[in-house]
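**Q** the following comprises the amino acid sequence and a computationally predicted model.
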Amino acid sequence: MKTILITGGAGFIGSHVVRLFVKKYPDYRIVNLDKLTYAGNLANLKDVEKYPNYSFVKGDIVDGDLIRKLFEEKQFSGVIHLAAESHVDRSISNPTEFVFTNVIGTVNLLNAARHSWKEQLEEKRFYHISTDEVYGSLGEAGLFTEETRYDPHSPYSASKASSDHFVRAYHDTFGLPVVISNCSNNYGSFQFPEKLIPLFIHNIRNNKPLPVYGKGENVRDWLWVEDHARAIDEIFHRGRVGQTYNIGGHNEWKNIDLIRLMCRIMDRKLNRVGGTSEKLITYVKDRAGHDLRYAIDSSKLQRELNWTPSLQFEEGLEKTIDWYLENEAWLQEVTSGDYQKYYEEQYLKR
Ligand code: NAD
Ligand code: TYD
């Protein structure tokens, strides 16, 4: 029976990966290690927390001793590393936190894996989840490929770029069996309502202003989170050691066009007169160092592992909006701090 460590499993993407692995692989033991920052909520995993092959450990990847002991105790054969500080705006207000978690935390995991994995390396796998933001910004044309030069602009993307370099260095220097993927912007259920799509759904519903940075002309390539989780499953099991895979949705949207589409869908769902929600659009000061355009060439992943996105964006966006409208209680819980109480009830009072 394999024991797999998933870090950051209580976050947005991590919770989808945990859910997929726990359900699809009953013969794996899945250990979810998460610090439960503002972005990590065990409420995201209520439907799998009782599965016998799932367990949760509350802990900080910056704590090297804890990580080393966890590796000794659990004898992991695989790591899927998602834990990170992930919000660009927070990285602008507090860059240092991003260095601790994203860089030092990653190096702690690499060290623990390196010391714990002395033999049968072909059966081990350290999978680092990264972002397309490490490549910097595109102009009007072109796509990020796996060969695009790293050129990060925000403290978030700089910290992720640094962690990617450490992962590759541990492969080249110590022979650690690593694989990396760099994915575009994800959307879907359980995303903390601070990122564009869930924030704007929440604000439209509550008739609050929609703060569009700059002119709203920045372009992002959106991928449904469950398609990302499927790609992670493929790459973890079948990706080639030492390789990088780009993951993207072939789905570029200018922010303002995406926001207008969301407004139209929400007018319909909330039975509002057409054009009502668009009136909430408020142009605000641009984000410092705001990357103009991200777009991913994921042909390597499609060619080697036969992965393609499953959902059309309009369909995925509708599903996502429906989910947030139906899960107002979740939104209240994750923003109110009630989830901390939930954690105590579930795990400390047993
Ligand atoms: P998220 O912010 O929703 O979740 C991050 C999780 O990591 C949370 O559960 C948090 O509690 C945990 N965490 C943070 N610091 C920790 C620490 N020091 N120790 C242990 N746990 C800690 O992030 P997300 O959007 O789910 O992103 C997950 C990963 O995917 C990140 O590595 C991110 O860089 C990458 N990524 C995200 C996107 C995206 O669009 N969201 C796109 C590409 C790549
Ligand atoms: P975000 O969801 O923070 O993801 P990222 O910065 O990692 O791409 O933002 C997506 C885009 O939306 C980005 O161009 C910034 C913009 N944005 C706004 O215009 N207003 C907002 O309130 C937020 C959170 C983002």
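**A** Sure thing, it's come through. Ligands and ions are numbered 1, 2, ... in the order given.
**Q** CA atoms for contacts and neighbours, from now on please.
**A** Will do.
**Q** residue ranges of the strands in this structure, please?
**A** 2-7, 28-34, 54-58, 78-81, 125-131, 178-183, 185-187, 210-213, 219-224, 244-247, 252-254, 281-284 (DSSP state E).
**Q** adding distance to Asp151 as columns, could you present these in JSON lines?
**A** Listed next are the strands of the chain as JSON lines, based on distance: least, C-alpha to C-alpha, whole Å:
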{"stretch": "strand 2-7", "distance to Asp151": "26"}
{"stretch": "strand 28-34", "distance to Asp151": "29"}
{"stretch": "strand 54-58", "distance to Asp151": "34"}
{"stretch": "strand 78-81", "distance to Asp151": "22"}
{"stretch": "strand 125-131", "distance to Asp151": "12"}
{"stretch": "strand 178-183", "distance to Asp151": "14"}
{"stretch": "strand 185-187", "distance to Asp151": "17"}
{"stretch": "strand 210-213", "distance to Asp151": "22"}
{"stretch": "strand 219-224", "distance to Asp151": "17"}
{"stretch": "strand 244-247", "distance to Asp151": "16"}
{"stretch": "strand 252-254", "distance to Asp151": "20"}
{"stretch": "strand 281-284", "distance to Asp151": "26"}
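**Q** turn those into TSV, including mean pLDDT and distance to ligand 2.
**A** Putting the strands of the chain into TSV (pLDDT from 0 to 100; distance: least, C-alpha to the nearest ligand atom, whole Å) gives the following:
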stretch	mean pLDDT	distance to ligand 2
strand 2-7	98	20
strand 28-34	98	21
strand 54-58	97	26
strand 78-81	98	18
strand 125-131	98	9
strand 178-183	98	11
strand 185-187	98	6
strand 210-213	96	4
strand 219-224	97	6
strand 244-247	98	15
strand 252-254	97	8
strand 281-284	97	8
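**Q** look up how far Asp227 lies from Lys50.
**A** 25 Å (C-alpha to C-alpha, to the nearest Å).
**Q** okay, those two: which has more neighbours?
**A** Using other C-alpha atoms under 10 Å, the more surrounded residue of Lys50 and Asp227 is Asp227, with 20 against 10.
**Q** ok, the more buried one - contacts?
**A** 309-310 (C-alpha atoms under 8 Å, 6 or more residues apart in numbering).
**Q** who wins for proximity to Ala329 among the strands of the chain?
**A** Comparing the strands of the chain against Ala329 with C-alpha to C-alpha, the closest turns out to be strand 185-187 (19.2 Å).
**Q** for this structure, what spans make up the helices?
**A** Remark: helices assigned in the chain by DSSP state H are 12-24, 64-74, 88-93, 95-98, 105-116, 155-174, 196-205, 225-238, 255-269, 299-305, 313-326, 328-336, 338-343.
**Q** around ligand 1, pick out the residues from the stretch 51-200 of the chain.
**A** 59-62, 82-86, 101, 129-131, 183-186 (C-alpha under 6 Å from any ligand atom).
**Q** so where's the stretch 201-350 of the chain uncertain?
**A** Where the stretch 201-350 of the chain drops to pLDDT under 70, the residues are 337-350.
**Q** make a markdown table out of the strands of the chain and add mean neighbour count.
**A** Formatted as a markdown table, the strands of the chain follow (neighbours: other C-alpha atoms under 10 Å):
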| stretch | mean neighbour count |
| --- | --- |
| strand 2-7 | 22 |
| strand 28-34 | 22 |
| strand 54-58 | 16 |
| strand 78-81 | 23 |
| strand 125-131 | 23 |
| strand 178-183 | 25 |
| strand 185-187 | 21 |
| strand 210-213 | 20 |
| strand 219-224 | 23 |
| strand 244-247 | 26 |
| strand 252-254 | 17 |
| strand 281-284 | 15 |
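**Q** so which of those strands gets nearest Thr320?
**A** strand 185-187 (7.6 Å).
**Q** residues of the stretch 251-350 of the chain that sit close to ligand 2?
**A** Applying C-alpha under 6 Å from any ligand atom, one finds that the stretch 251-350 of the chain approaches ligand 2 through Asn255.
**Q** in the stretch 251-350 of the chain, what residue comes closest to ligand 2?
**A** Asn255 (5.9 Å; C-alpha to the nearest ligand atom).
**Q** residue contacts, that residue?
**A** 216-220.
**Q** repeat that for Lys254.
**A** 216-220.
**Q** tell me what it is bridged to.
**A** Beta-bridge partners recorded for Lys254 (DSSP bridges): Val219.
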